[in-house]
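Asker: Predicted model and sequence follow; I will ask about them next.
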Number of protein chains: 2
Amino acid sequence: MALSKLPYKGTRDFFPPQMRQRDFLFQKMREIAELHSYEPYDGPLLEEVDLYLAKSGEELINEQIYSFIDRGERKVAIRPEMTPTVARMVAQIHKEQSKPLRWYAIPNLMRYEKPQKGRLREHWQFNCDIFGAPEGLGEIEILQVASGLLKSFGATEEHFEILINDRRIVDAIFNNLLKLSAEQSHKLYKIIDKSKKVSPEALDKMISEIISNDLTKNHFKEYLKLDSVASVISFLERHALKDSAAGFIAFSDRLQSSGLSKFVIYDPTIVRGLDYYTGIVFEIFDKSPDNRRAICGGGAYANLLQIFNEDPLPGVGFGLGDVTLADFLKTHGLLKEFEKPDIGVLVAYLDASSEAVAMELSRKLRSLGLNTELYLGEAKPKKIFSHTDKRGHKGVIMIGSNEVQTGEVEIKRLTDQEKARLKIESPELIKKFLE
Amino acid sequence: MALSKLPYKGTRDFFPPQMRQRDFLFQKMREIAELHSYEPYDGPLLEEVDLYLAKSGEELINEQIYSFIDRGERKVAIRPEMTPTVARMVAQIHKEQSKPLRWYAIPNLMRYEKPQKGRLREHWQFNCDIFGAPEGLGEIEILQVASGLLKSFGATEEHFEILINDRRIVDAIFNNLLKLSAEQSHKLYKIIDKSKKVSPEALDKMISEIISNDLTKNHFKEYLKLDSVASVISFLERHALKDSAAGFIAFSDRLQSSGLSKFVIYDPTIVRGLDYYTGIVFEIFDKSPDNRRAICGGGAYANLLQIFNEDPLPGVGFGLGDVTLADFLKTHGLLKEFEKPDIGVLVAYLDASSEAVAMELSRKLRSLGLNTELYLGEAKPKKIFSHTDKRGHKGVIMIGSNEVQTGEVEIKRLTDQEKARLKIESPELIKKFLE
């Protein structure tokens, strides 16, 4: 039986058009991160499973991670996310470094899950984190980087919105107003995540399974209706919980001078529940009804270094997947085509005795930085032009015995069909003619 | 017990200086590939184990691959090399594409082996392949790409050499002159790989274990002494095997016009034995006695698509690892430093009331493409200058109440300590001043 030619389930083959698109997206990520003075890092593909257990607990590990035992009896996993790795790396060096640390990476990650639109088993994720920034300022900057990436493709407030919340507020409501046990809180966090995807009746039923007291239930439903910073503040004031909002209020004030306020909306259902966040949390959403989903999620966390017995170092970060980014850009017509390669010139030769000259000219053009394809083998002019049509070269040069004798070639610029006769000894003029 | 902060055995953490170096090396790889009209591709991190079994046989699989059973009972492996993946992908699309296909990738790969200098469990490998090129021409071009990469860092024939051989010649000698069985050939291929690393006595002993006939043994030893294209041809002529060298002779002739001949040396020990090569094979070696090792290996293969029941499509390719490349460049002092990030300007503010103006100026400078760090929190001038010293900014701007009032800031260019007073409303002049 012949082997399968298809990629492993939930993964992708990147043929050149798809790979050019990926390279383009990654290049934009690197540019926007560097513009904000973030520095690149990367970690290993494999980590010991203990690292993920310490952060996420058994649940995620067993269900969603590719893990196995290596020959040295170590339990290892293919990284499903980057945060544990970056925490491990920062734990190594944070004492010697001046703060804040601003780091970014674009790792490939694998999660064991059912492939669906926007969710694959293998994807790449743009990760940015800032460690040790003064309270409130890291949050603003991280949102600027994330939204700056989308804006760099031409996206505006018509295309996306930033939904925000604050775990300090949610925790205050859960603990002090609703007076929930740790177990109830845990369950309710999960429900909040789903609350917009189910009917009001189904939601009511789910809530009733956790909260029996009617007054408590009503308080929670009231919370779920909050839809602006002002409404949250007033809700907290009414319930004598305004202290919990101090960080959130300072953050909201800063949004004004940050250029972000036109994107930001308060949303009580954004909690990023089972994760490690302890402050501001956010998700960037596509506003199109055809692609109503999160493109990016993140927030502030205080205790990531704890598992390494290191002093606390506050951080803020986000992750943004390559699949959801491309879906977002395509939904809004913000992604160009990558069908054809970017080749400056095709050099062809008509007979074997011209091969050496064609080879040498190609070498010279490349040394000037011009992407050059040498047509391999003796060329037939008709084939050459169907080839340049398909591949989109900017120009073409054909070399025969006449060109070898005179030392001059005719270059045809395919963008406007202009021609010129130029000396082989002056490859810089050939390059210039194509610019 | 606290978790380990170190990376998994045989893998690396790339902190920003190391990651900037890696990005620099990868960018050079992409540039040199695109200069030669090669197109980017990538495949999945995981492949089904059958793909590697079909190509390499049980031995490599069991000893050197990270493999495991997934929850769907599929036997999968983390890719240890890229060739099976590229063959699988080419098998999908080669019928519809005009030839040759020129493809490159820079995948991360994992091999289960004892970490040692130049060999880690996780590494990245620059892979270039050309499929469907006329005989002999793909070989030349692939060598130009591989050597072109090294030359792009300033390496010359003083630093590296290309050792070549031809599997058709070796096979002719093994089958028709030495008349070895398949099993003997297999063993001898392994010995050849080691022949330069052991003493003449040890080599003699190893050979005697496979070949008992003295005449045969002497023929083989004579083969191992060949050291030039001319000596190979004459050896083959003497043994009536010159027909096997037709491809090799045509290839050698072409080396002259390719600019490669000053790098190329015939070496009978280059066979890339247990691999899938069927024609020209080569390894690029560091010439320094301090780092005498292969930087890159490759060759021509005819039958890679067979395992997919596809028609044969000849290919030529090479792989070049990031670790061996960096070792080579460092050995010859051809790699610059990457300690400091590339940040254009630091914008700092001296009091809270200047924060909004500093934030806005940073935004404007970034929108002009200038990498800008905003110093977060109220700055003390002394701290600012120790910070710019460490990080190597090109310029610094400090904003206080005076600057906010006048709408003008002083920018200090740190490369030559020049200063200028410029309007906040003209960020393009600030950018220009730093160029």
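Answerer: Ah, there it is.

Asker: If we look just around chain B, which residues of the stretch 251-400 of chain A are in range?
Answerer: Proximity of the stretch 251-400 of chain A to chain B, by C-beta under 8 Å from any C-beta of the partner chain, involves residues A:256-259, A:307-309, A:341-343, A:355-356, A:359-360, A:363, A:366, A:369-374, A:376-377, A:387, A:390. For every residue, glycine as well, the C-beta is placed using N, CA and C.

Asker: Buried ones only from the residues you listed, please, as a PyMOL command.
Answerer: Of these, the buried ones go into a single PyMOL selection, burial set by 16 or more other C-beta atoms under 10 Å in any protein chain shown:
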select buried, chain A and resi 257+258+259+307+308+341+343+355+356+359+360+363+366+370+371+372+373+374+376+377+387
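
Asker: can you tell me which of the residues of the stretch 251-400 of chain A next to chain B are in strands?
Answerer: A:372-374 (DSSP state E).

Asker: Let me know the closest of these to chain B.
Answerer: A:E373 (3.6 Å; C-beta to the nearest C-beta).

Asker: Give me the nearest residue to the closest one, chain neighbours excluded.
Answerer: Among residues not flanking A:E373 along the chain, B:S37 sits closest, at 3.6 Å (C-beta to C-beta, 6 or more residues apart in numbering or on different chains).

Asker: what kind of secondary structure is the one you found in?
Answerer: coil (DSSP: H, G, I helix; E, B strand; the rest coil).

Asker: That one: neighbour count?
Answerer: When neighbours are defined as other C-beta atoms under 10 Å in any protein chain shown, B:S37 has 27 of them.

Asker: so A:R30 sits in a helix?
Answerer: Yes. Counting by three-state DSSP, A:R30 falls inside a helix.

Asker: okay but it is in contact with A:P40, surely?
Answerer: Yes. Contact status for A:R30 versus A:P40: in contact at 7.2 Å, counting by C-beta atoms under 8 Å.

Asker: more neighbours, those two?
Answerer: A:P40 (21 against 16).

Asker: what's across from that one in the sheet?
Answerer: Under DSSP bridges, the beta-bridge partners of A:P40 are A:Y104.

Asker: Need the three-state assignment for A:M206.
Answerer: Assigned state for A:M206: helix (three-state reduction, three-state DSSP).

Asker: dump the residue contacts of it.
Answerer: Residues counted as contacts of A:M206 (C-beta atoms under 8 Å, 6 or more residues apart in numbering or on different chains) are A:191, A:194, A:198.

Asker: Kindly report the same for A:L304.
Answerer: So A:L304 contacts A:55, A:83, A:87, A:90, A:276, A:313, A:315 (C-beta under 8 Å, 6+ apart).

Asker: next one: A:A294
Answerer: A:283-285, A:324.

Asker: ok, now with 10 Å
Answerer: A:118, A:163, A:270, A:282-286, A:320-321, A:324, A:328 (C-beta atoms under 10 Å, 6 or more residues apart in numbering or on different chains).

Asker: any idea how far A:E222 is from A:F248?
Answerer: 18 Å (C-beta to C-beta, to the nearest Å).

Asker: In terms of neighbours, single out the busier of these two.
Answerer: Ranked by neighbour count (other C-beta under 10 Å), A:F248 and A:E222 place A:F248 first, with 24 against 16.

Asker: Let me know the secondary structure of the more buried one.
Answerer: A:F248 ends up helix, using three-state DSSP.

Asker: And it, what's its pLDDT?
Answerer: Confidence at A:F248, expressed as pLDDT, is 96.

Asker: any idea how far A:G136 is from it?
Answerer: Note on A:F248: its distance to A:G136, by C-beta to C-beta, is 9 Å.

Asker: between these two, what contacts are shared?
Answerer: Listed as contacting both A:F248 and A:G136 by C-beta under 10 Å, 6+ apart are A:279-280.

Asker: residues from the stretch 101-250 of chain A in reach of chain B?
Answerer: A:101-105, A:107-110, A:112, A:120-122, A:124, A:130, A:132-138, A:140-141, A:144-145, A:148, A:151-152 (C-beta under 10 Å from any C-beta of the partner chain).

Asker: So which of those sit within strands?
Answerer: Using DSSP E, these in strands are A:101-105, A:108-110, A:122, A:124, A:130.

Asker: Tell me where the model's unsure across the stretch 51-200 of chain A.
Answerer: Within the stretch 51-200 of chain A, the stretches with pLDDT under 70 are A:55-62.

Asker: rewinding a little: same list (the contacts of A:L304) but as TSV, adding secondary structure and neighbour count.
Answerer: Output for those, formatted as TSV (DSSP: H, G, I helix; E, B strand; the rest coil; neighbours: other C-beta atoms under 10 Å in any protein chain shown):
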residue	secondary structure	neighbour count
A:K55	helix	19
A:T83	helix	21
A:A87	helix	29
A:V90	helix	24
A:Y276	coil	18
A:L313	coil	21
A:G315	strand	29
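
Asker: would you turn those into a markdown table with distance to A:I430?
Answerer: Formatted as a markdown table, the contacts of A:L304 follow (distance: C-beta to C-beta, whole Å):
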| residue | distance to A:I430 |
| --- | --- |
| A:K55 | 57 |
| A:T83 | 51 |
| A:A87 | 53 |
| A:V90 | 51 |
| A:Y276 | 58 |
| A:L313 | 56 |
| A:G315 | 53 |
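
Asker: For the residues you listed, work out which two are farthest apart.
Answerer: Farthest apart among the contacts of A:L304 by C-beta to C-beta are A:K55 and A:L313. That separation is 15.2 Å.

Asker: if we can go back for a sec, for the contacts of A:M206, pick the one with the most neighbours.
Answerer: A:I191 (19 neighbours).

Asker: That residue is in what secondary structure piece?
Answerer: A:I191 is located in helix A:182-194, with elements delineated by DSSP states H and E.

Asker: what sits up against that helix?
Answerer: Contacts of helix A:182-194 (C-beta under 10 Å, 6+ apart): A:165, A:167, A:170-171, A:174-175, A:178, A:180-181, A:195, A:198, A:202-203, A:206-207, A:209-211, A:216, A:220, A:223-224, A:268-275.

Asker: Against chain B, how distant is the nearest residue to A:N291 once chain neighbours are set aside?
Answerer: In space, and not counting its chain neighbours, A:N291 is closest to A:T331: 4.2 Å by C-beta to C-beta, 6+ apart. Distance check for A:T331 against chain B: by C-beta to the nearest C-beta, to the nearest Å, it reads 24 Å.

Asker: next one: A:H159
Answerer: Distance from A:H159 to chain B, by C-beta to the nearest C-beta: 18 Å.

Asker: Just give me the neighbour total for the residue lying closest to that residue once chain neighbours are set aside.
Answerer: The spatially closest residue to A:H159, leaving aside those adjacent along the chain, is A:H332, at 5.0 Å (C-beta to C-beta, 6+ apart). If you count neighbours by other C-beta under 10 Å, A:H332 ends up with 20.

Asker: Next, the contact list for A:H332, please.
Answerer: A:150, A:153-156, A:158-160, A:286-288, A:290-291 are the contacts of A:H332 under C-beta under 10 Å, 6+ apart.

Asker: On the pLDDT front, check it for me.
Answerer: pLDDT, A:H332: 98.

Asker: And it, how close does it get to A:R167?
Answerer: Distance from A:H332 to A:R167, by C-beta to C-beta: 31 Å.

Asker: Same question for A:G321.
Answerer: As judged by C-beta to C-beta, A:G321 and A:R167 stand 22 Å apart.

Asker: Same drill for these two, tell me which one is more crowded.
Answerer: The residue with more neighbours, out of A:G321 and A:R167, is A:R167; 26 against 20, by other C-beta under 10 Å.

Asker: how is chain A carved up into domains?
Answerer: By the assignment in automatic domain parsing, chain A contains the domains A:16-44+A:80-331, A:345-434.

Asker: for those, which one sits closest to A:G10?
Answerer: Comparing these against A:G10 with C-beta to C-beta, the closest turns out to be domain A:16-44+A:80-331 (3.0 Å).

Asker: Only whichever of the contacts of helix A:182-194 are buried, select them in ChimeraX.
Answerer: Buried subset of those, written as a ChimeraX selection, criterion 16+ other C-beta under 10 Å:
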select /A:165,167,170,174,178,180,195,203,206,207,210,211,216,220,223,224,268,269,270,271,272,273,275
